[in-house]
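[1] this one's sequence-less:
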C-alpha cells in the first residue's frame, strides 16, 4: 500500500512542479500519456512478454532515456513526429503530438520517474486510479475547457447500474470523451459476473467501440482504457476519429451509453473567400434521421437510436431543450416514443457538471422493431433536481445520492416499479405518465415537474451562499447561451 501511495504522490507532485512552469494538468497528462505508453511498449517487448511492437528504429524508450539537455528535447520532438506516422493504437496515441515541456531538465526528471517503475506489472486498478485522478483534476481546470469531456463518475456509475450490461454484448459511445462510460461498464461486468476465458477475451477486445473527434481527448481515452486493461498495446484502435453524425456506418450495438457534447448547434469553422474565419452551421442529411436539424443534441439522439440493435438499450445525458423544444424537437420526441420504449427520465440537478450552465436529464430507452402502435406506454420520471443542491467542491454528486433512483428504477424487473408520488405524498420524486398524457401536452413536452421549489416559498429554506452563488452563475451561463443563439440567428439573417 505504501508503494501504491508513493507512486500516486510522485505522479501528482510532478504535476504541481510543472504547473509552476506554466504547464497545466492537460499538458502534463498529455506528456505523461506519451512517455508512459512508450515505457510500457518497452516493457512488453522484453521477457516474459517478448512482444514485437513496431516502434520505428531509433525512437524507442532506450533512445529517449540515454539523452540529456538540448539533445533530449530535439530527439523527443522528432520522436513524437515519427511515432504519429505509425499504425494502430500506437499511431493514435501520438497523432498531432507535441512537446509541451520546454525545460529539458524537467523532461528528463519525468522520464526518470516513469523509468523507475515497472508499469506492466502494476495492477490495472492502481494505474487507472492515477490516470482517472489526473483526468478529473484536468476537468476541474476550467480554463482548459476539458470539463466538457468529463462526465461525473457517480452519474456514469448510476446509469450503468440501471442498464446492467451483460457479457458478450457490444457497447458504444459516439462521443466518448476520456472513456468514462466504457470503464464503468467494464467494472460492472467484471464485478457482477464470473467470466470464463472467452468472455474475458471478448470484454477486453470486442466489447467497446466509440468516436471522439478531438485528438487529445481521444488519446487520453485510449490510454485510460489501456491502463484499465482494455485493448492490446499492438492491437487496432476501437475509438474512431470520425464525426459520428456524418453517416450511418451500419454497425449496430447492444448498448449505447453516452453524454453527447454540450452546445445546441453543430458547426464548423471555415475560411471564406476574403480570408476570414467564420462559423458555419452543420446539418446532417441522413436518410435514417426522422428530421433534418442543426441541433446537435437532437442529431445525437437520432443517431443513437440508429446505432441500437433491434432490442438494444440506451442511456444518455441530454439537455432540457431536447425535452421541450418545438419543431424538430417535437418530431423527434414523437418518433422516439413510437419506435422505442422511452421508459425513464432522470431529471438532474445543476452544479454537477464541470461545464457550467447545463440543465440536463438522463433518457433511458429500449429500441424495438417496427410496429403500428407506439412502443412507449408510460414514461417514469425521477425528479432529482427540485430542492437538490450540489457544488463541484463542497457537495459533489456521489453514487449514494442516486441510490434511491436506482432502487426506484428497479433494474432487475422494471414491471415491479412503484410510484413514490401520490395525492397523499405530493413530495414523492418518482412518478409515471401515460403515453396519452404526454401526447396531449403542448408540443409533446417531456419537461415535466410537479414538486414545489421550497426556496421560493420559504426564506428559511434558502441553500448555503456558495450554492446560491453557483446557481446564479449557472443561470447566467444559460442566459448567455440563449443570447448567443439569438445573435447567431440574427447573424444568419443578414
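    Looks like it came in fine. It should be emphasised that the depicted structure is a prediction, and the values quoted were computed from it without experimental measurement.
[2] Helices of the stretch 201-350 of the chain, residue ranges please.
    215-227, 296-307, 321-324, 328-339 (DSSP state H, counting those that start in this stretch).
[3] Likewise for the stretch 351-494 of the chain?
    Going by DSSP H, counting those that start in this stretch, the stretch 351-494 of the chain shows helices at 403-409, 435-439, 454-457, 465-492.
[4] Report all helices and strands that the second one contacts.
    By that I understand helix 435-439. Applying 3 or more Cβ pairs under 8 Å, 6 or more residues apart in numbering; DSSP states H and E, one finds that helix 435-439 contacts helix 328-339, strand 378-383. C-beta: built from backbone N, CA, C; applies to glycine.
[5] Redo the ones you listed as TSV? Include mean neighbour count, mean pLDDT and distance to residue 287.
    Shown next, in TSV, are the helices and strands packed on helix 435-439 (neighbours: other Cβ atoms under 10 Å; pLDDT from 0 to 100; distance: least, Cβ to Cβ, whole Å):
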stretch	mean neighbour count	mean pLDDT	distance to residue 287
helix 328-339	20	97	14
strand 378-383	21	98	28
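[6] With distance to residue 65 as added columns, please give the ones you listed in a markdown table.
    Shown next, in a markdown table, are these (distance: least, Cβ to Cβ, whole Å):
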| stretch | distance to residue 65 |
| --- | --- |
| helix 328-339 | 54 |
| strand 378-383 | 53 |
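[7] right, and those - which one's nearest residue 95?
    Nearest to residue 95 among these is helix 328-339; the distance by Cβ to Cβ comes to 34.1 Å.
[8] I'd like to know which of the helices of the stretch 201-350 of the chain is closest to residue 49.
    Per Cβ to Cβ, nearest to residue 49 of the helices of the stretch 201-350 of the chain: helix 215-227, 14.5 Å.
[9] Pull out the buried positions in that closest one.
    For helix 215-227, a neighbour-count test (16 or more other Cβ atoms under 10 Å) marks 216, 217, 218, 219, 220, 221, 222, 223, 224, 225, 226, 227 as buried.
[10] roughly how far is that helix from the heart of the chain?
    12 Å (Cα atoms, centre = their mean, to the nearest Å).
[11] Can you tell me which of the helices of the stretch 201-350 of the chain has the worst average pLDDT?
    Mean pLDDT is lowest for helix 215-227 out of the helices of the stretch 201-350 of the chain, coming in at a mean of 88.
[12] What is the subsequent helix or strand relative to whichever strand or helix holds residue 63?
    Assigned by DSSP states H and E, residue 63 belongs to helix 61-65. As assigned by DSSP H and E, the chain's next helix or strand after helix 61-65 is helix 69-83.
[13] Packing partners of that following helix?
    For helix 69-83, the packing partners by 3+ Cβ pairs under 8 Å, 6+ apart are helix 61-65, helix 88-94, helix 104-115.
[14] Can you list the neighbours in contact with the last one?
    For helix 104-115, the surrounding residues in contact (Cβ atoms under 8 Å, 6 or more residues apart in numbering) are 10-11, 14, 17-18, 21, 31-32, 35-36, 39, 61, 64-65, 68-70, 72-73, 76, 99, 101.
[15] Tell me which of the helices and strands packed on helix 69-83 sits most buried.
    Among the helices and strands packed on helix 69-83, ranked by average contacts under mean count of other Cβ atoms under 10 Å, first place goes to helix 88-94 (a mean of 21).
[16] out of all of them, which strand in the chain is the longest?
    Looking across the chain with DSSP state E, the single longest strand is strand 308-319.
[17] and the gap between residue 20 and residue 114?
    20 Å (Cβ to Cβ, to the nearest Å).
[18] right, I mislabeled it, should have said residue 308
    41 Å.
[19] same thing with residue 301?
    42 Å.
[20] Kindly report the same for residue 171.
    Taken as Cβ to Cβ, the span from residue 171 to residue 114 is 31 Å.
[21] Same check on residue 330?
    54 Å.
[22] check which helix or strand covers the nearest residue to residue 193 once chain neighbours are set aside.
    Closest residue in space to residue 193, ignoring its immediate chain neighbours: residue 167 at 5.3 Å, by Cβ to Cβ, 6 or more residues apart in numbering. Using DSSP H and E, residue 167 falls within no helix or strand.
[23] tally of neighbours for residue 167?
    Other residues near residue 167 come to 17 when the count uses other Cβ atoms under 10 Å.
[24] Quick check: it touching residue 189?
    Yes: if you go by Cβ atoms under 8 Å, residue 167 and residue 189 touch, sitting 5.6 Å apart.
[25] got any residues that touch both of those two?
    Common neighbours of residue 167 and residue 189 (Cβ under 8 Å, 6+ apart) are 195, 203.
[26] Ends of stretch 431-447, what's the gap?
    This stretch, stretch 431-447, spans 13 Å end to end (Cα to Cα, to the nearest Å).
[27] Buried residues, it. List them.
    Quick answer for stretch 431-447 (16+ other Cβ under 10 Å): 431, 432, 433, 435, 438, 444, 446, 447.
[28] that older thread, residue 93 versus the residue nearest to residue 193, what's the distance?
    Distance from residue 167 to residue 93, by Cβ to Cβ: 28 Å.
[29] now residue 232
    Counting by Cβ to Cβ, the gap from residue 232 to residue 93 is 13 Å.
[30] Likewise for residue 157?
    27 Å.
[31] Identify the residues contacting the helix or strand containing residue 172?
    Taking DSSP H and E as the criterion, residue 172 maps to strand 171-173. The contact list for strand 171-173, computed with Cβ under 8 Å, 6+ apart, reads 165, 179, 181-182, 185, 207-211, 251, 253-258, 307.
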